[in-house]
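Q: Provided below for reference: sequence and predicted model.
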Amino acid sequence: MSLRDWFASKRDKSTKLDVAAMNTRLTDEEICKLWTQCFNCQENLPTKELEKSLMVCPQCGYHFRIGAHKRIMQLCDDFMELDADLLPADPLEFTDTEPYAKRQKDARKKTGLNEAVVCGIGQIGQEQLALAVMDFTYLGGSMGSVVGEKITRLIEKALEHKLPVVIFSSSGGARMQEGTFSLMQMVKTGAALARLHEAGLLYISVLTEPTFGGVTASFGTLGDITIAEEGARIGFAGRRVIEQTIRQKLPADFQTATYLLNYGQVDMVLPRGEVSGTLASLIRLHRLSSGVKPVELALAGTSVQDAV
């Protein structure tokens with residue numbers, strides 16, 4: 001068979017595809033989901049391969065933002081969520097371009113979360129811990145009354161069971177729609193962490209992209225050990241606000257994880273793949289050296305997938 005005849009036979013076969021087969025073709029939207037473009041190097045990456053690398057670009061090392069559920073699945077062997085049904089209120093009946101109540105409803109629909117933090121008891125490398133993970137996709141990870149309440153309750157549960165606490169922060173700061181109520185959460189969470197410290201229990205703060213405002217000014221930087229994820233931006237006010245205030249140009253790497261490490265504001269900067277193992281080692285080291293025996297909670301064989 002000549003090459004021309006071979007192509008002709010292929011063309012004939014392709015024209016005989018039935019309607020059902022035609023309907024199974026991928027849509028443009030489905031094709032887009034198969035590939036993800038890196039924001040840093042612009043490389044088009046197979047989404048499945050990117051997920052295997054923990055959402056870290058294999059070409060340039062860029063760390064994509066990930067949600068709370070995906071973070072927990074990457075970290076934990078087992079996880080039992082606490083206070084999942086705690087819902088935010090609208091104490092000020094706040095309205096800007098749209099009512100705050102509507103913003104909450106839209107955020108719940110978009111993310112599948114009831115608030116900007118997921119709290120629970122987890123297990124990493126045989127070590128049990130009280131874990132809170134913030135999700136930036138829920139109203140910018142902003143800290144309102146429920147975020148502060150859930151974190152405080154988690155710390156109290158850790159005190160009850162003598163467990164270490166790990167909080168992954170990702171937030172734009174205090175939630176403006178709740179006014180003073182949101183600012184009060186800085187004091188409340190700080191006081192709870194002070195009780196944890198007095199009890200000799202470990203608190204590790206993990207700062208991820210991005211962490212700003214009232215979260216940075218409260219539990220974000222109160223850790224006995226503070227870890228920053230590689231590539232994270234961390235600060236209080238935004239870069240542009242600071243430049244306008246001091247009328248000076250800031251360094252290019254200002255407010256990055258590496259910048260903060262160089263000036264002693266964080267203890268270590270880790271790539272995402274090393275965070276889980278490092279947490280397990282630090283928790284184990286503290287448990288053995290402190291002599292504090294945790295009263296472990298039965299997770300009832302809950303798998304991470306079922307929990308989240």
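A: Good, I have the coordinates.

Q: could I get the contacting residues of Leu261?
A: By CB atoms under 8 Å, 6 or more residues apart in numbering, the residues touching Leu261 are 228, 268-269. For glycine as for every other residue, the C-beta is placed from the backbone atoms N, C-alpha and C.

Q: can you select the buried ones among those residues for me in PyMOL?
A: Per 16 or more other CB atoms under 10 Å, the buried members of the contacts of Leu261 correspond to this PyMOL selection:
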select buried, resi 228+269
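
Q: shouldn't Val206 be within a helix?
A: No: Val206 is assigned strand when assessed by DSSP: H, G, I helix; E, B strand; the rest coil, not a helix.

Q: is it bridged to anything, and to what?
A: Applying DSSP bridges to Val206 gives these bridge partners: Phe168, Ile227.

Q: can you pull the contacts of it?
A: The neighbours of Val206, taking CB under 8 Å, 6+ apart as the test, are 166-169, 227-229, 275, 279.

Q: same thing but at 7 Å, please
A: 166-168, 227, 229, 275 (CB atoms under 7 Å, 6 or more residues apart in numbering).

Q: now it: how far from Glu274?
A: Distance of Val206 to Glu274, computed by CB to CB, to the nearest Å: 12 Å.

Q: ditto for Met184
A: Applying CB to CB to Met184 and Glu274 gives a distance of 36 Å.

Q: and what about the closest residue to Pro251 other than its chain neighbours, helix, strand or coil?
A: Closest residue to Pro251 apart from its sequence neighbours, by CB to CB, 6 or more residues apart in numbering: Tyr259 at 7.2 Å. Assigned by three-state DSSP, the conformation of Tyr259 is helix.

Q: tell me how many other residues surround Gln265.
A: 16 (other CB atoms under 10 Å).

Q: make sure it is indeed in a strand.
A: No: under three-state DSSP, Gln265 falls outside any strand and is assigned coil.

Q: pull up the gap between it and Gly235, please.
A: 10 Å.

Q: cool, and Met80?
A: 33 Å.

Q: which of the contacts of Leu261 sits closest to Ser290?
A: Using CB to CB, Met268 comes nearest to Ser290 of these, at 20.1 Å.

Q: how about that closest one, what does it touch?
A: Neighbouring residues of Met268 by CB under 7 Å, 6+ apart: Ile227.

Q: what subset of the contacts of Val206 is buried?
A: Buried subset of the contacts of Val206 (neighbour count, 16+ other CB under 10 Å): 166-168, 227, 229, 275.

Q: Ala192: which of those residues is nearest?
A: Distance to Ala192 across the buried ones among the contacts of Val206 (CB to CB) is lowest for Ile167, with 11.2 Å.

Q: count of residues packed around the nearest residue to that closest one once chain neighbours are set aside?
A: With CB to CB, 6+ apart as the criterion, Ile167 has its nearest non-adjacent residue at 4.5 Å, and that residue is Ala132. If you count neighbours by other CB under 10 Å, Ala132 ends up with 24.

Q: secondary structure element holding Ala132?
A: Counting by DSSP states H and E, the element that carries Ala132 is strand 127-134.

Q: please, where are all the helices along the protein?
A: When assigned using DSSP state H, the helices of the chain occupy the ranges 3-15, 19-23, 28-34, 47-52, 68-75, 100-111, 145-161, 180-198, 213-216, 239-246, 257-262, 272-290, 304-307.

Q: nearest to Pro91, out of those helices?
A: Within the helices of the chain, the stretch nearest Pro91 is helix 180-198; the backing value is 5.6 Å (CB to CB).
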